[in-house]
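*Asks:* I'd like to go over a predicted model; first the sequence, then the structure.
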Amino acid sequence: MNRSKIVAIITGAVSILLAIAYLIVVQILDYRDMKPAPISQINSSVTFIAILLS
């Protein structure tokens with residue numbers, strides 16, 4: 001095997017490993033129980049944005 005084929009195989013293997021790791025991380029993050037932000041924080045953010053826009 002010449003050098004370019006070895007580099008291509010290694011690059012492909014690294015790419016597949018990164019893709020699998022990404023899918024695992026996404027599944028873990030999606031599995032978490034997400035709670036919405038408290039209303040007090042949402043209202044202060046909207047007020048702050050409204051002040052910045054005016």
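*Replies:* Sure, I can see it.
*Asks:* list the buried residues of the longest helix seen in the chain.
*Replies:* Longest helix in the chain by number of residues (criterion: DSSP state H): helix 3-31. Residues of helix 3-31 classed as buried: none (neighbour count, 16 or more other CB atoms under 10 Å). In this view, the C-beta of every residue, glycine as well, is placed from N, C-alpha and C.
*Asks:* what's the average pLDDT for it?
*Replies:* Regarding helix 3-31, the rounded mean pLDDT is 94.
*Asks:* name the helices or strands packed onto that helix?
*Replies:* Based on contacts counted as 3 or more CB pairs under 8 Å, 6 or more residues apart in numbering; DSSP states H and E, there is no element that helix 3-31 packs against.
*Asks:* now D33. Its backbone dihedrals?
*Replies:* phi -90, psi 110 (degrees, to the nearest 10).
*Asks:* actually R32, sorry about that
*Replies:* phi -60, psi 150.
*Asks:* do the one 3 residues further on as well
*Replies:* Here is the backbone geometry of K35 (degrees, to the nearest 10): phi -110, psi 140.
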